[in-house]
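Asks: Sequence and predicted model, in that order:
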Amino acid sequence: MAQDKNAQDLDSRLSSLQKKKEGEMQSSEEKSSTDPKKDGMKMNILKDVTTSNKEIKPGASGPVGLDIGTSHIVMAQGTGEKVKISSQLNAFFTVPNSKVTYKTLQVNRVKFFDHEDNLYIFGFSAQDFANMFNANLRRPIESGIVSAKEEEGVMVIQSLLGDLVPKPASLGIPICFGVPGEPIDGRGSVIYHEAILSRYLRFLGYKPIPINEGLATVMSELQDNGFTGIGISMGGGMCNVCMSYLSVPVFSFSIQMGGDYVDRMAAESVGESITKLTQIKEEELDFTQKLPTRALMALNIFYEELISKLLESLQKVMISTDRLPRIKQKLPIVLSGGTVMPKGFVDKFKQLSKKYPLPIEISSIQLAKEPLITTAQGALFMANNEVEQ
């Protein structure tokens, strides 16, 4: 009886959630008819601009680019201007299993799978549940690699990929997926992370090809520069760096700090929830303006710590490597990932970079054209070139 009561409560919450969504959609449509788009859209743009994978017919006929990040999984497919982007939130939420709950989730088209005594709700649906129950999401990837803390994390990732990535029309179609560089502090196994993903993508029928996330940024943004420069992908769990010379990686590494670290430390400092600080960061943080609240000041402090740590690590790696090419040309730095989205981020990065001079002259520090989907686009570029070969 207790389970049935819980299920009825869940059904009530789902109905409330559905009504809320319908109201938000109507409100959004009314607003879009009167308000123009503004510059500096915040990080929730990812969910808004991406298309559902239902738009791509079952049986993918072409190569695929994939970004499996701590916060989101993004897929790119197509060529030229006909590239389609799909995404899912890389997170899950569990509720007790019962027949009523199972049917309720199915009726409401919630993405989930059952395992033992729980139902595992994944993707954007998980965020809705976390908000309704005022609870935290769980993540199958932590600090950029498969989490050792979540026993069912691999199953969640497989479910997310199975939902997002269409099966190939024929065996062996290339799917290029982003992987982190080796952590500079040595925590976590990139080898295990890469092997787990490769194995499942091969099971789906693809030919998996890993690409460093920093290199994917170079492939996406520096074609006019001969794929020569430094690509930096700043995500939720880690920051990835790769220096490329004519598309050949010179060095790559990662630091296991990212946007999640900024949110967590800022939240602890001002006594607010991480969810609250994340919302403030995405909706209010602007480095070009004064920061009038404690929360915004805390976010600024830990953003500066993150950027400084990244630049210090880049300086140390470049000074110590014996593979640094002897070239006279100045190199560009391209920044991508969700953590670079606040307005004024590039100027703050430039300002802090003066404290960490590099042994190679830098021509520019620039933002990727579409920072949230850059890795997936770079991975798709590599996958398409595999076919052309």
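Replies: Sure, I can see it.

Asks: show me where the stretch 201-350 of the chain has strands.
Replies: Ranges of strands within the stretch 201-350 of the chain are 206-212, 229-234, 239-245, 248-255, 331-336, based on DSSP state E, counting those that start in this stretch.

Asks: Serialize the ones you listed to TSV and add fields for mean pLDDT and mean neighbour count.
Replies: Quick note: C-beta positions are derived from backbone N, CA and C, even for glycine. Converted to TSV, the strands of the stretch 201-350 of the chain look like this (pLDDT from 0 to 100; neighbours: other C-beta atoms under 10 Å):
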stretch	mean pLDDT	mean neighbour count
strand 206-212	97	21
strand 229-234	98	28
strand 239-245	96	26
strand 248-255	95	20
strand 331-336	98	24
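
Asks: Output these as CSV; include the columns distance to residue 161.
Replies: As requested, those are exported to CSV (distance: least, C-beta to C-beta, whole Å):
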stretch, distance to residue 161
strand 206-212, 10
strand 229-234, 20
strand 239-245, 20
strand 248-255, 22
strand 331-336, 22
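
Asks: nearest to residue 77, of the ones you listed?
Replies: strand 206-212 (11.6 Å; C-beta to C-beta).

Asks: by how many degrees do the closest one and strand 239-245 diverge?
Replies: With axes from the mean of the first three to the mean of the last three C-alpha atoms, to 10 degrees applied, the angle from strand 206-212 to strand 239-245 works out at 90 degrees.

Asks: Partner strands of strand 206-212, with direction?
Replies: strand 173-179 (parallel) (DSSP bridges).

Asks: could you give the angle of the partner strand to strand 248-255?
Replies: Using the same axes, to 10 degrees: strand 173-179 against strand 248-255 is 50 degrees.

Asks: Now do the buried residues in strand 173-179.
Replies: 173, 174, 175, 176, 177, 178, 179 (16 or more other C-beta atoms under 10 Å).

Asks: quick one: which of those is nearest residue 71?
Replies: Using C-beta to C-beta, the buried residues of strand 173-179 come closest to residue 71 at residue 178, 13.0 Å.

Asks: List the beta-bridge partners for the closest one.
Replies: Beta-bridge pairing for residue 178 (DSSP bridges): residue 211.

Asks: before we move on, the earlier item: of all the strands of the stretch 201-350 of the chain, which lies closest to residue 279?
Replies: Short answer: strand 229-234, nearest of those by C-beta to C-beta, at 19.3 Å.

Asks: contacting residues around the closest residue to residue 303 other than its chain neighbours?
Replies: In space, and not counting its chain neighbours, residue 303 is closest to residue 262: 5.6 Å by C-beta to C-beta, 6 or more residues apart in numbering. When contacts are counted by C-beta atoms under 8 Å, 6 or more residues apart in numbering, residue 262 touches 281, 299, 302, 303, 306, 339.

Asks: No further questions, thank you.
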